[in-house]
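Q: sequence plus predicted model, see below.
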Amino acid sequence: MSQISADRSRQVAEQARQDGWALPSFARELFLGRVRPELIHPFPRPSDHDTAKGDAFLRRLSDFLAAEVDPMEIEEDARVPDAVVKGLAALGAFGMNISEEYGGQGLSHVYYNRALVLVNSSHSALGALLSAHQSIGVPKPLKLFGTEDQKRRFLPRLARGEVSAFALTEPDVGSDPARVQTTAVPTEDGSAYVLNGTKLWTTNGTIAKLLLVMAMVPESPGHKGGITAFVVESDTPGYVVEHRNEFMGLRGIENAVLAFHDVRVPKENLIGSEGAGLKIALVTLNTGRLSLPAGNLAAAKACTRIVREWANERVQWGRPIGQHEAIAEMIADITASTFAIEAVVELTGGLADREDLDIRLEAALAKLWVSETAWRNADQMVQVRGGRGYETAASLEARGEVPIPAEQILRDLRISRIFEGSSEIMRLFIAREALDRHVQAAGAILDPHAGLKAKSRSVAQAAWFYGGWLPGLVVGKGRTPLAYREFGQLATHVRYVEHMSRKMAREIFYALSRYGPKLERRQMLLGRIVDIGAELFAIVASCSYASMLVEAGRGSEPVELADLFARQARRRVEHLFERLSHNHDTVNYDAAQRTLEGRYQWLEDGLVSDWGRPAISSDSPEPHKLAV
C-alpha cells in the first residue's frame, strides 16, 4: 500500500477522538493534579433490583459451567464444544449485555463483569467468545449508535446466541487506522455498499453470523466518505473465512482471517454515518475494554489460590516454602495486587452503570494497569510453583497430580497486554486524553502548522488557564493531616495520592514546557507518567473498595489488603518519578536504531536457519473457504 504520512495518521486519530468532556472524570482530574474522591466514593454499588437479577443469573451460570464444561477438553481440542456454545445460548449468556426489551438479560456492567470472571475461571476461550460477541461486537455499537429498526432486527438474534464479531485489524493495519484498505463503495443506485478487503485476527470470525466491519468509503458526490461501520451478515456471497488462527494461549478461541470479495451490504446496515466508524469504535471501547480486566481478575484470583495452597503444602529445608522470605514477598504482591485488581474492576463497572461520568480514561487505565499487574502475578505464581508451574495440567494429571493449569494461565494472560490496544498504545492514548486540557489551552502554541493568529489567541488562553492552574499545584489537601477522613485508616494513602497527583501534574507541565510539540515522541516519558497515574488510581480504588467492604461487614481484612497494596504501589510510584529524570531513553533509542540498521547483525550468527522472507509479506494468498 502507499505510505501514509505521520501527519495524516495523526489527523485520522484526532478526528476519531471524542470531542470535549461533557461529563466529569476522576482520572482526568487526577492527571490535572486534582483529587476528587466524591466522583468515586462512596464506592458505587448495584441497585437491589440489579443485585437480585445478577445474583440469580450468576448461580445459573456457575451451575452450568461446573456441570457442562470440561476445561481440559477445550485445551486439548482447541475448540469450544458445540454443546457448550448452545448451552450458553440457552442460558442467555450471549445476551448478558443486551437489554430485556430486545430479549437479553439486561445485566448491569458490574454483574456482566462478574459473569465474565466466572466464565474465564472455567476457560479463557469462553470469556473471549462472550466478550468479543457483546463487549466489542455488534450489540454494543448498536445500543449506542444504532437505529431502532437496526436494534429490533439484530439484537434479538444476538441475544439468542447468533455470534457476533468486530473486524477492524488488517494485515498492514494495527493501531494506525489511517492505513485501512478495506473499501466500501456505494452502488450507483445508492441502495448498498460493496465491500472488498481482508481483515486479520477477528475473534469469533470463524463462527460469527453478524459482524461489525470497518471499511473505507471513498469520498464522492453525495458521500462524505471515511472509515465507516457496517453490520455484515456472514452468509452474504463473497464473505470468506480464509484461515483459523492459532495462538500461544487462548486455545479454543475462534479467531480468523476474513476476506470480502464484492460483499454487498444494504445501506440500512450502516451504523451511524459515513466517516464515523472510528469514533463509534472508540466510544464502544470506553466500556467494552472493561471485559478484559474482568477476565484478568479471574486469573489473578486463581494465582492467589494456587500460591496459597502450594506454599502451605510444599516443604523445603524444614519449612513450608511460604515461610521463606523470598517466596513470601511474591505471595504478598500477588495477594495485594489481586485485591486491587478486584477493586478496579468493580469500581469501573460501577462507574459505567452510573452513566453520569465520562470513563474513557478510567476504562483505559483499568485495561492497562490490570493487564500488566495480572501478568506480573501469573509470572510470580509460576515461579512459586517451580517445575510444576511449567508443566501442563494434562501432564500433571497423567502422572497422578492435581491438574493445576499454571502454565496455561500464563499463556492465556499474555495476550491481555496486546488485545484491544497494546500497553504501549494504551499509554499513548491515555497520555493524549490526559493532556487534552493542555491542548485546549495551548494547542496552537504547540502546533507547528498553526498560523500567527491562532498562536496569538492560544497564548492568551494559555495565560488564563495556567495562571489559575499552576498555583493550585503547590499546596493541596494532601498536606492536611485530617483530610479524607471518610477513608478511615486508609486516609493517609489518599492524602499521598493527592500529593503525588499534584507532583505528576507539575511534571506534565515541565515536559510540555521542555519538549513542546516533540513531546509526543517522548513515549517512554509519557508512559511513566501514565503508569504513575494508573498506580494512583488503583490506590484510591482500593481504599474506597475496602471502606465499602468494611461497611458491608467484611471485617478488617479489606483494610489490611488495601494498606498492603498502597504501600507496594507507593514504592512503584516513587521509582517511576525517579526515572522521569534519571533514565537512558536517548541511549536506548539510538542503540535500537543501530540494531535496525544492521550494525549488530553479527550477533545473529550461529542460527541454523532464517525465515527466508520478509516479516510482513506483501503477497496475499489465494482465497479459499475454510471448513468450520
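A: Happy to help now that I have it. Residues are numbered from 1 along each chain as shown.
Q: A helix includes residue 396, no?
A: Yes. Counting by DSSP: H, G, I helix; E, B strand; the rest coil, residue 396 is found in a helix.
Q: in the stretch 151-300 of the chain, which spans are helices?
A: 277-288, 291-313 (DSSP state H, counting those that start in this stretch).
Q: can you list the ones you listed in a markdown table and add mean neighbour count, distance to residue 253 and mean pLDDT?
A: Where you see a C-beta, it was placed from the backbone N, CA and C, and this is true even at glycine. A markdown table is the format used below for these (neighbours: other C-beta atoms under 10 Å; distance: least, C-beta to C-beta, whole Å; pLDDT from 0 to 100):
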| stretch | mean neighbour count | distance to residue 253 | mean pLDDT |
| --- | --- | --- | --- |
| helix 277-288 | 22 | 17 | 87 |
| helix 291-313 | 23 | 12 | 97 |
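Q: between the ones you listed, which gets nearest to residue 53?
A: Closest to residue 53 of the helices of the stretch 151-300 of the chain is helix 291-313 (C-beta to C-beta; 17.9 Å).
Q: let me see the mean pLDDT of the helix or strand that the closest one is followed by.
A: Next in sequence after helix 291-313, counting helices and strands by DSSP states H and E, comes strand 315-316. Averaged over strand 315-316, pLDDT sits at 92.
Q: strand partners (parallel or antiparallel) of the next helix or strand after strand 315-316?
A: Counting by DSSP H and E, the element after strand 315-316 in chain order, helix or strand, is strand 319-320. Strand pairing for strand 319-320, determined by DSSP bridges: strand 315-316 (antiparallel).
Q: who wins for proximity to residue 516 among the helices of the stretch 151-300 of the chain?
A: Once the helices of the stretch 151-300 of the chain are compared by C-beta to C-beta, helix 277-288 is nearest, at 26.4 Å.
Q: what is the distance between that closest one and the centre of its chain?
A: 12 Å (C-alpha atoms, centre = their mean, to the nearest Å).
Q: now the helices of the stretch 151-300 of the chain in CSV, with distance to residue 156?
A: What follows is those, written out as CSV (distance: least, C-beta to C-beta, whole Å):
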stretch, distance to residue 156
helix 277-288, 20
helix 291-313, 22
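Q: who are the contact partners of the most centrally placed residue in the chain?
A: Most central in the chain under C-alpha atoms, centre = their mean is residue 367, positioned 3.6 Å from the mean C-alpha point. Contact partners of residue 367, counting by C-beta atoms under 8 Å, 6 or more residues apart in numbering, are 289-290, 292-293, 420-421, 426.
Q: next SSE downstream of the worst-scoring helix or strand of the chain on mean pLDDT?
A: The helix or strand of the chain with the poorest confidence is helix 6-16; it has a mean of 58 (mean pLDDT, DSSP states H and E). Reading on from helix 6-16 to the C-terminus, the next helix or strand found by DSSP H and E is helix 26-31.
Q: now do that following helix, average pLDDT.
A: Helix 26-31 comes out at a mean pLDDT of 97.
Q: give me the number of residues near the residue nearest to residue 287 when sequence neighbours are not counted?
A: Distances taken as C-beta to C-beta, 6 or more residues apart in numbering put residue 352 closest to residue 287, at 4.8 Å, once the chain neighbours are dropped. Using other C-beta atoms under 10 Å, residue 352 has 21 neighbouring residues.
Q: quick one: which helix or strand includes the residue nearest to the centre of the chain?
A: Per DSSP H and E: helix 360-385 holds residue 367.
Q: okay, buried residues for that helix please.
A: 360-382, 384-385 (16 or more other C-beta atoms under 10 Å).
Q: right, and the helix or strand after that helix?
A: Once the chain leaves helix 360-385, the next helix or strand it forms, by DSSP H and E, is helix 387-390.
Q: starting at the chain centroid, how far to that next one?
A: Relative to where its chain is centred, helix 387-390 has its mean C-alpha point 29 Å off (C-alpha atoms, centre = their mean).
Q: which positions in it come out as buried?
A: By 16+ other C-beta under 10 Å, the buried positions in helix 387-390 come out as 388-389.
Q: what lies in contact with that helix?
A: With C-beta under 8 Å, 6+ apart, helix 387-390 has contacts from 310, 381-383, 396, 401, 404, 406-407.
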